[in-house]
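Engineer: Quick one: sequence and predicted model below, then my questions.
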Amino acid sequence: MEPACGEPVFPTWLAKARVRRIVFWLIVIVLGFLQIWSHRLLVDHDGVAYLDVAENYARGAWSAAINGYYSPLYSWLMALAFLLKFPRSWESTVLHLINFVGYLGAFACFEFFLRELMRREKTDMDSEDQATGLSESAWHTVGLGLFLYSSLYMANISGSSGQGDGSTPDILVMLFVFLAAGLLIRIHNGRAQAGTYTALGATLAFGYFAKTAIFPLSFVFLGAAGFISLRQRKVAFLLAPLCFVLIAGPWVAALSHAEGQFTFGDNGKLSYRWLVAEHANWPEWGGQTEKEENLIHPPRRLSIDPPIYEFATPVAGTFPLWYGSSYWLQGWKFHFSRTGQMRVLHESHINFWEILDHQKEYLVLLFVLILIQRTALAYGKALWGLWPLWAPCIAAFAMYALVRVEPRYVAAFVVVTWVSLLAAVRLPAKGIVRNCADCAVLATFLATAAGVAHGGIHDFQSTLRAAPSEQAEVAAGLRKLGILEGQSLATIGIPHDSYYWARLAGVRVIAEIPSPNVNQYWFGTPATQEQVRSLFAQTGVVAIVTDVMPSEVRYQQSSEPLHLPGWRQIGNTSYFLFSLRSSASAESVPGGRGLPGDLVTGTHQN
């Protein structure tokens, strides 16, 4: 049954701003906390590095803490948390709680952004009967849907989207992008004071601290604010770039001094090297380099077949190869790869369409609103007037398309783009058309809410089940097998999850066989395997750890069986250990479960 002309579509409580805000905040808090808590034990490779950086800051090891690849803000926040002296087993939980605080801050900044946008619409409306944008209730409702989806399932506050394990600062990027967008709207409205420009410069600087990619995008934001201010003849705009330089400059100087050349961060350059360049090999990069790259100090290669890399010094960290990517690849010169660039652009195109496909209800909403507005020309004119919002988003999309597009990278810019597209709609202040628009908004929110609610139920169930952490079990298993804190290990292949188990155990991984080459060890001759173990032992490691045992383990029935003596399973995990200590054979190490003597592996299957 359609509502009568002028009859509100939204429930009565939703029309009351104070009640609506309380209910929406409760929804945001509950869903965010459920997701954070259910994944609180997960930490990915980047998360381990951020924890290592934070620990160096906390103990005053500044030279080791300054890192060109990992942005500083995340580690600074964690370093402050380290002052609480909590047990190491709580590190992952604290890391996720920092994400949760950033998530709440992002929603507060998103509210500020919407509030500035609605204030602009009210300023543009001269009379009650003039065409205007969505109602306040509609804006808050559609905004809640956009925020929940983008923060919980794009920005990776806890890894439930499958793009990571919630150990990245992308939720902090959302916070600063929303805040910068709100300040730009205030400037565009002509309401900017000196404090507004100062806040914009500080926001962009801290956004850069959150993620290096914001540094080049800051000039797009500043350019938009400068163009608007120039037309408004407001000299106070100069406070924005001045504040940005004063806050971001010291970090750029410290980073440039540490690397001996000007740099604002190595993330973009190294990502291009791993993903686009001619010899791109990330995410499986484990030390592989080409001689023609002329690196200043690449990882030390101890063997060719299979390749063995050692990287104990001079870089700190649980896994120095990942922690010190800027150091190991220093000297690499940028070379444009047409083939690689075309491949990445094609992948980016596919990824953008996948993102749009997961948000098709908002595309339908936009088409419906434009259709009932009837005048496409008026819509286009209104959209052009919102260029300060969508111009930085287009710049961000173009920048990421050149290297890699992931939902978490573009989450904030996707939300701002949708808001810009919806804000250009002009509808009658009252009547059946307004009711139809409200119905479309409510239907869109319910479509998003269904998926979000399903995820929330799953997170609640995961919280009740409280599954044990394999990373913690591996760390405990290492201690039972006699591995002491401070000792060094080697790995065969990069673990599928992360090296968090090594950090929990207080050990370092200083040598490895890269993941693409593991079968050169497993299916090598006994002499080859013995040589590999000898080379590992010469680096000072006491044991080898792996979670990439040959895929087929079965009873003896192969014509070419492969025996694995000396390897012991670490607890009930997917990890195995081979002791290299001369004082005890692998079979005599207590506390582990060895592979049964009658178990062998079949031949390798491609």
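Structural biologist: Nice, thanks for sending it over.
Engineer: can we go C-alpha only for contacts and neighbour counts from here?
Structural biologist: Will do.
Engineer: Spit out the contact partners of the nearest residue to residue 542 once chain neighbours are set aside.
Structural biologist: Leaving aside its sequence neighbours, residue 542 sits nearest to residue 580 (Cα to Cα, 6 or more residues apart in numbering; 5.1 Å). Going by Cα atoms under 8 Å, 6 or more residues apart in numbering, residue 580 touches 533, 537, 541, 542, 543, 544, 586.
Engineer: Show me which of those is closest to residue 333.
Structural biologist: For these, the residue nearest residue 333 by Cα to Cα is residue 541; the value is 33.0 Å.
Engineer: How about the contacts made by the closest one?
Structural biologist: Residue 541 neighbours (Cα under 8 Å, 6+ apart): 487, 488, 489, 490, 510, 511, 580.
Engineer: before we move on, could you check phi and psi at the second one?
Structural biologist: Put plainly, it is residue 488. Note on residue 488: backbone dihedrals following degrees, to the nearest 10 are phi -110, psi 150.
Engineer: Make sure it is actually in contact with residue 509.
Structural biologist: Yes: if you go by Cα atoms under 8 Å, residue 488 and residue 509 touch, sitting 5.8 Å apart.
Engineer: Neighbour count for these two, which is higher?
Structural biologist: Neighbours were counted for residue 488 and for residue 509 using other Cα atoms under 10 Å; residue 509 has more, 25 against 22.
Engineer: helices and strands of the protein: which one has the lowest mean pLDDT?
Structural biologist: Ranking every helix and strand in the chain by mean pLDDT, DSSP states H and E puts strand 599-601 at the bottom, with a mean of 32.
Engineer: Next, the residue nearest the centre of the chain: secondary structure please.
Structural biologist: With distances taken as Cα atoms, centre = their mean, residue 168 lies nearest the centre of the chain, 3.9 Å away. On the three-state scheme (DSSP: H, G, I helix; E, B strand; the rest coil), residue 168 is labelled coil.
Engineer: Give the full set of residues in contact with it.
Structural biologist: Residue 168 neighbours (Cα under 8 Å, 6+ apart): 46, 47, 156, 157.
Engineer: Can you give me the domain boundaries for this structure?
Structural biologist: The record, using automatic domain parsing to delimit domains, assigns the chain the ranges 12-254+339-464, 470-601.
Engineer: So which of the contacts of residue 541 sit within strands?
Structural biologist: 488, 489, 490, 510, 511 (DSSP state E).
Engineer: least trustworthy position among the contacts of residue 168, going by pLDDT?
Structural biologist: In terms of pLDDT, residue 156 ranks lowest among the contacts of residue 168, with 74.
Engineer: isn't it right next to residue 171, touching?
Structural biologist: Yes: contact between residue 156 and residue 171 holds when scored by Cα under 8 Å: they sit 7.3 Å apart.
Engineer: Could you check which of these two has the larger neighbour count?
Structural biologist: Shown here are residue 156 and residue 171; by other Cα under 10 Å, residue 171 has more neighbours (31 against 28).
Engineer: got the residue ranges for the strands in the chain?
Structural biologist: Counting by DSSP E, the strands of the chain are 300-304, 307-310, 488-492, 508-513, 543-546, 553-555, 567-569, 576-579, 593-594, 599-601.
Engineer: and these as CSV, adding distance to residue 320?
Structural biologist: What follows is the strands of the chain, written out as CSV (distance: least, Cα to Cα, whole Å):
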stretch, distance to residue 320
strand 300-304, 12
strand 307-310, 10
strand 488-492, 11
strand 508-513, 7
strand 543-546, 16
strand 553-555, 32
strand 567-569, 25
strand 576-579, 20
strand 593-594, 29
strand 599-601, 32
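Engineer: Between the ones you listed, which one is closest to residue 435.
Structural biologist: strand 543-546 (60.8 Å).
Engineer: burial measure for residue 493, as a count.
Structural biologist: Neighbour tally, residue 493, other Cα under 10 Å: 21.
Engineer: Identify the residue nearest it in space, chain neighbours excluded?
Structural biologist: That would be residue 515: by Cα to Cα, 6+ apart, it lies 3.9 Å from residue 493.
Engineer: Let me know whether that neighbour touches residue 491 as I believe.
Structural biologist: No: Residue 515 is not in contact with residue 491 according to Cα under 8 Å; the separation is 9.5 Å.
Engineer: neighbour-wise, which of these two wins?
Structural biologist: The neighbour comparison of residue 515 against residue 491 (other Cα under 10 Å) goes to residue 491, with 26 against 18.
Engineer: Give the full set of residues in contact with the more buried one.
Structural biologist: 509, 511, 512, 513, 544, 545, 546.
Engineer: what's the spacing between it and residue 53?
Structural biologist: 22 Å (Cα to Cα, to the nearest Å).
Engineer: Compare the contacts of residue 168 and tell me which is most surrounded.
Structural biologist: Going by other Cα under 10 Å, residue 157 tops those with 31 neighbours.
Engineer: so who does that one touch?
Structural biologist: 35-36, 96, 99-100, 103, 151, 165-168, 170-171.
Engineer: where in the stretch 501-606 of the chain is pLDDT low?
Structural biologist: 551-563, 582-606 (pLDDT under 70).
Engineer: so where do the helices sit in it?
Structural biologist: Assigned by DSSP state H, counting those that start in this stretch, the stretch 501-606 of the chain shows helices spanning 518-522, 526-538.
Engineer: Any stretches of this structure with poor pLDDT?
Structural biologist: For the chain, the ranges with pLDDT under 70 are 1-15, 124-131, 158-166, 279-284, 551-563, 582-606.
Engineer: returning to what we had before: any chance of the ones in strands among the contacts of residue 541 in a markdown table, with distance to residue 214 too?
Structural biologist: Output for the ones in strands among the contacts of residue 541, formatted as a markdown table (distance: Cα to Cα, whole Å):
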| residue | distance to residue 214 |
| --- | --- |
| 488 | 37 |
| 489 | 37 |
| 490 | 36 |
| 510 | 32 |
| 511 | 34 |
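Engineer: So which of those residues wins on neighbours?
Structural biologist: residue 511 leads the ones in strands among the contacts of residue 541 on contacts (other Cα under 10 Å) with 32 neighbours.
Engineer: Skipping its backbone neighbours, what lies nearest that residue in space?
Structural biologist: residue 310 (4.2 Å).
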